[in-house]
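Novice: model the following, please.
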Amino acid sequence: MFIATLIAAELAAGDVSAAADRLDMVGCHVEGWSWIDEGRAADIRFASEVAAARPALEGVFNRTDVAVQAAANREKSLLVADMDSTIITVECIDELADYAGIKAEIAEVTERAMRGELDFASALDARVALLEGLEEAAIQRCLDERVKLMPGARTLIQTMRARGATTILVSGGFTRFAEPVGTELGFHRMIANRLLIEDGKLTGKVRKPIVDATTKEVTLLAAIDELGIDPAATLAVGDGANDLPMIRRAGLGVAYHAKPIVAAEAGVRIDHNDLTALLYIQGIAPADWAAG
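Specialist: Here you go, the predicted structure:
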């Protein structure tokens, strides 16, 4: 059995019925549909030809995200999430650079790295080098003034945790942001790069080894082994090229408002909705969400 989930700010019953018809036309053998959240999210159950389902639905209905997956292991036991532009709304290094007056210069490199055009570790070293001499106090100012949670982040993490899932935040950004963000949201574990500081100023270096795409993949696989869970019961979410290895290896890999290279490869892409979409994808209705 397979499930196609449609999620939108306004989802009409007629759209869900039309989606079911499209699945039937490509040989999916629809068995019925039901609301997860009336007017917001719905499941369509079907029996076969899962490969044809996603192309039949994606981009057809206005501002609607689509997830197609097997019904088994739908609710996940492990979430591994990127931080910048996924769990929070900004890229911390870009915002920190603004306090040094070089945001535009660094943001361009960040964008290219997230698109997969540059080696992540080299690009991080180059950007951090430009921050040499910045007062350490700018980090806390940036955290207080610029770092905002992504809509739905708190509800996602607290709901999954309340239902027994393990949640890990793994970021190519910095511990000085990941640790407070992760603690506030209730992540079980936070992994990120550590900025080196001397005499109250950034040295322009990070502690090695750098947390990169390989770290994210290894973190996911190690957690699967540690927890003794089926890899199919895992969810990874991110937006940039350095998230791709963990997204590929997860039972369900989600590209969240992602760069094209990530959106093209992920099993699910969320382009229109907030992070509560990841709860709908797992079949968890709002009545069962933790207070966000």
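Novice: which residues touch stretch 129-143?
Specialist: Residues outside stretch 129-143 that contact it (Cβ atoms under 8 Å, 6 or more residues apart in numbering) are 92-93, 95-100, 102, 105-106, 174, 176-177, 180, 195, 197, 200-205. Quick note: C-beta positions are derived from backbone N, CA and C, even for glycine.
Novice: among the residues you listed, which are located in helices?
Specialist: Under the assignment DSSP state H, those contribute 92-93, 95-99, 105-106, 176-177, 180 to helices.
Novice: save those as JSON lines, and put in distance to Gln158 and neighbour count too.
Specialist: JSON lines is the format used below for the ones in helices among the contacts of stretch 129-143 (distance: Cβ to Cβ, whole Å; neighbours: other Cβ atoms under 10 Å):
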{"residue": "Cys92", "distance to Gln158": "22", "neighbour count": "26"}
{"residue": "Ile93", "distance to Gln158": "27", "neighbour count": "27"}
{"residue": "Glu95", "distance to Gln158": "25", "neighbour count": "22"}
{"residue": "Leu96", "distance to Gln158": "28", "neighbour count": "30"}
{"residue": "Ala97", "distance to Gln158": "31", "neighbour count": "25"}
{"residue": "Asp98", "distance to Gln158": "31", "neighbour count": "16"}
{"residue": "Tyr99", "distance to Gln158": "31", "neighbour count": "18"}
{"residue": "Glu105", "distance to Gln158": "37", "neighbour count": "13"}
{"residue": "Ile106", "distance to Gln158": "33", "neighbour count": "23"}
{"residue": "Arg176", "distance to Gln158": "23", "neighbour count": "19"}
{"residue": "Phe177", "distance to Gln158": "20", "neighbour count": "27"}
{"residue": "Pro180", "distance to Gln158": "16", "neighbour count": "15"}
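Novice: now, which of these sits nearest Leu221?
Specialist: Checking the ones in helices among the contacts of stretch 129-143 against Leu221 by Cβ to Cβ gives Phe177 as the nearest, at 24.8 Å.
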